[in-house]
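Student: Fold the following and give me the result.
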Amino acid sequence: MGWILLAALAVLVVWGVSLYNRLVALRNSGEGAWSDIDVQLKRRWELIPNLVETVKGYARHEQSTFEKVTAARSQAMQAHTPGEHAAAEGNLQGALKSLFAVAEAYPELRANENFLGLQRELSGLEEAIQNARRYYNAIVRDLNTAIESFPGNLLAGPFGFVKREYFELDSAAERTAPKVSFS
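Tutor: Okay, here's the model as predicted:
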């Protein structure tokens, strides 16, 4: 009888350690995935001043648009949580759409090699951000499922595992990347 109880206890301990390690791995993957998003967002934030300066050279009277882009960039850079980032990034994408709408009125700007290069780079960054966001949200989904479902919920709370927030955009308009093609 003692051996059976000891074997059952050993199985329970192995199961608990395995479940704990899975939760740790998911949490760490989530942190890594968020770091990937953060890197892509920072690359985009660094690109935006160059883009604004290039457009300013052609459209000097569009000061309010430039100020909106700058303010939205600053707000995005100050966000901390995925929810704050989502809201700020939505505002930034809206401001960038306005900037590109201004640029459409200047054919010589659309032909400028520097501007075209910035457009291509921004387009690539938007794609990278979208991919990183998808990966992050998949990891968060797996972590949240493991935390909420039985038997993971038995270990998650006592060991401090909490649900993570998805990185989602607020509206359908914000879910689309700014149009950066002027052909």
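Student: Which is the succeeding secondary structure element to the worst-scoring helix or strand of the chain on mean pLDDT?
Tutor: Least confident element among the helices and strands of the chain, by mean pLDDT, DSSP states H and E: helix 107-110 (a mean of 81). For helix 107-110, the following helix or strand on the C-terminal side (DSSP states H and E) is helix 113-148.
Student: you'd agree L143 is up against N28?
Tutor: No - applying C-beta atoms under 8 Å, one finds L143 not in contact with N28, separated by 9.8 Å. Using the backbone N, CA and C atoms, a C-beta is placed for each residue, glycine as well.
Student: so the one helix or strand L12 maps to versus helix 113-148, what angle?
Tutor: Per DSSP H and E: L12 is located in helix 2-56. Here the directions of helix 2-56 and helix 113-148 differ by 160 degrees (axes from the mean of the first three to the mean of the last three C-alpha atoms, to 10 degrees).
Student: For whichever helix or strand comes after helix 2-56, which helices and strands make contact with it?
Tutor: Scanning forward in sequence from helix 2-56 by DSSP H and E, the next helix or strand is helix 63-78. With contacts defined as 3 or more C-beta pairs under 8 Å, 6 or more residues apart in numbering; DSSP states H and E, helix 63-78 has these neighbours: helix 2-56, helix 82-104.
Student: so what does the least confident helix or strand of the chain touch, helix or strand wise?
Tutor: helix 82-104.
Student: send the alpha carbons of the helix it packs on over as CSV?
Tutor: What follows is helix 82-104, C-alpha atoms only, in CSV (Å, rounded to 0.1, in the frame of the first residue of the first chain):
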residue,chain,number,x,y,z
PRO,A,82,-0.3,45.9,-25.1
GLY,A,83,-3.6,47.7,-24.8
GLU,A,84,-1.9,51.1,-24.6
HIS,A,85,0.3,50.2,-27.6
ALA,A,86,-2.7,49.1,-29.6
ALA,A,87,-4.6,52.4,-29.0
ALA,A,88,-1.5,54.5,-29.7
GLU,A,89,-0.5,52.5,-32.8
GLY,A,90,-4.1,53.0,-34.1
ASN,A,91,-3.7,56.7,-33.7
LEU,A,92,-0.3,56.6,-35.3
GLN,A,93,-1.6,54.7,-38.3
GLY,A,94,-4.4,57.2,-38.8
ALA,A,95,-1.9,60.1,-38.7
LEU,A,96,0.4,58.3,-41.2
LYS,A,97,-2.6,57.9,-43.5
SER,A,98,-3.1,61.6,-43.4
LEU,A,99,0.5,62.2,-44.2
PHE,A,100,0.3,59.9,-47.2
ALA,A,101,-2.9,61.7,-48.3
VAL,A,102,-0.9,64.9,-48.3
ALA,A,103,1.9,63.3,-50.2
GLU,A,104,-0.5,62.2,-53.0
